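structure for this input, please:
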Amino acid sequence: MALATTLPRTARPVRAAHSARSTQSRQPIRLTSRGRAAVFFLLSVVTLLLILVAAGGTSADASANAGGPATASVVVQAGDSLWSIAKSLQPNGDPRSMMQTLADLNGLTRGELVTGQQLIVPISG
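Numbers count the residues shown, from 1 in each chain. Coordinates of the predicted model:
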């Protein structure tokens, strides 16, 4: 009777798994449905924020006066004063009330204007 020598089942030849992986080209990342949903949500939020930032910069006049009177903007010319602009906007009335309205709309604490400055002015209906 001959004795047969057998190896235990757990003994396997050693493979160089790490070295084989490093020489192969990397496979693209595969996203699960949860991963795709997360990426879509993140891109949607970023896009929405960009739209809000872009829209906020173009509608400064409307956002400053939400619910208030209709407005337009006037560029201050050389020699203009708050008094002269108020008088041109309200030629038959007292310019002092219009000056106060202009100061409130534009956040002016003093009556100093700079040439080229844009002022928000109310539009009389």
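
list the contacts for Ile29?
For Ile29, no contacting residues are found, by Cβ atoms under 8 Å, 6 or more residues apart in numbering. The C-beta positions use only the backbone N, C-alpha and C, and glycine is treated the same way.

let's see 10 Å
Applying Cβ atoms under 10 Å, 6 or more residues apart in numbering to Ile29 gives the contacts Gly35.

before we move on, which element is it in?
According to DSSP states H and E, Ile29 maps onto no helix or strand at all.

any idea how far Leu43 is from it?
In this structure, Ile29 and Leu43 are separated by 16 Å, where distance is defined by Cβ to Cβ, to the nearest Å.

again, but for Gly93
Taking Cβ to Cβ as the criterion, Gly93 is separated from Leu43 by 54 Å.

what's the answer for Ile120, then?
36 Å.

select the longest helix from this structure.
Counting residues, the longest helix found in the chain (DSSP state H) is helix 33-58.

so who does Tyr96 touch?
Small correction: residue 96 is Arg, not Tyr. The contact partners of Arg96, taken as Cβ under 10 Å, 6+ apart, are Trp83, Ala86, Gln90.

next SSE downstream of the helix or strand of the chain with the lowest mean pLDDT?
For the chain, using mean pLDDT, DSSP states H and E, the weakest element among its helices and strands is helix 60-64, scoring a mean of 46. Read in the C-terminal direction, the helix or strand following helix 60-64 is strand 71-75, with elements assigned using DSSP H and E.

so between Ile120 and Leu43, which is more surrounded?
The neighbour count for Ile120 versus Leu43, taken as other Cβ atoms under 10 Å, is higher for Ile120 (19 against 10).

report the separation between that one and Leu108.
For Ile120 relative to Leu108 (Cβ to Cβ), the value is 10 Å.

what do these two both touch?
Between them, Ile120 and Leu108 share these contacting residues under Cβ under 10 Å, 6+ apart: Leu102.
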